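Visitor: okay, predicted coordinates and the sequence, questions at the end:
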Amino acid sequence: MRNITVINGATAVKENVIANRTNSTEIGLVKAMMIENLKEKMKHGVAHSVFRKKNGELRECWGTTQPALASAMTNGRGESRELYATTAFYDVTKGAWRSFRWESLVQVF
């Protein structure tokens, strides 16, 4: 029996952007699925993840998009970071909004 994963909408967009940036369809698919998993975790609480910074260093962070935790720091007047192929989150250890380029996600715990 085969397992089939169907992706569409925003996940498909992420997959295409990541695949183009990394020259790998497989990496595009895996990272797009990781991002959706991370976004779901952040929507319901604080999620732990690791990203590769532009200088190559790994950055571990704990972030959320849960309204109860992040709403005090949200003004709601900006453009979605998704338009720039990045995902925004409130970094609870830094006390500020951060974002990551989709292809830089390394691990979600």
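Guide: Sure thing, it's come through.

Visitor: who does the helix ranked longest in the chain touch, helix- and strand-wise?
Guide: For the chain, the helix reaching the highest residue count under DSSP state H is reported as helix 25-44. Counting contacts by 3 or more C-beta pairs under 8 Å, 6 or more residues apart in numbering; DSSP states H and E, helix 25-44 is packed against helix 9-22, strand 47-52, strand 86-91, strand 105-108. Where you see a C-beta, it was placed from the backbone N, CA and C, and this is true even at glycine.

Visitor: list the buried residues in it.
Guide: Neighbour-count burial for helix 25-44, counted by 16 or more other C-beta atoms under 10 Å, picks out 28, 29, 31, 32, 33, 34, 35, 36, 38, 39, 41, 42.

Visitor: one step back: of the helices and strands packed on helix 25-44, which stretch is the most buried?
Guide: strand 86-91 (a mean of 20; mean count of other C-beta atoms under 10 Å).

Visitor: next secondary structure after that one?
Guide: Using DSSP states H and E, the helix or strand that directly follows strand 86-91 along the chain is strand 96-101.

Visitor: what is the neighbour count of residue 104?
Guide: Neighbours of residue 104 under the rule other C-beta atoms under 10 Å: 17.

Visitor: and residue 22, what does it touch?
Guide: 28, 31, 103 (C-beta atoms under 8 Å, 6 or more residues apart in numbering).

Visitor: poorly predicted segments of the protein, please.
Guide: 1-7, 70-79 (pLDDT under 70).

Visitor: can you list the helices and strands packed on helix 25-44 in TSV and add distance to residue 58?
Guide: TSV is the format used below for the helices and strands packed on helix 25-44 (distance: least, C-beta to C-beta, whole Å):
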stretch	distance to residue 58
helix 9-22	17
strand 47-52	6
strand 86-91	15
strand 105-108	7
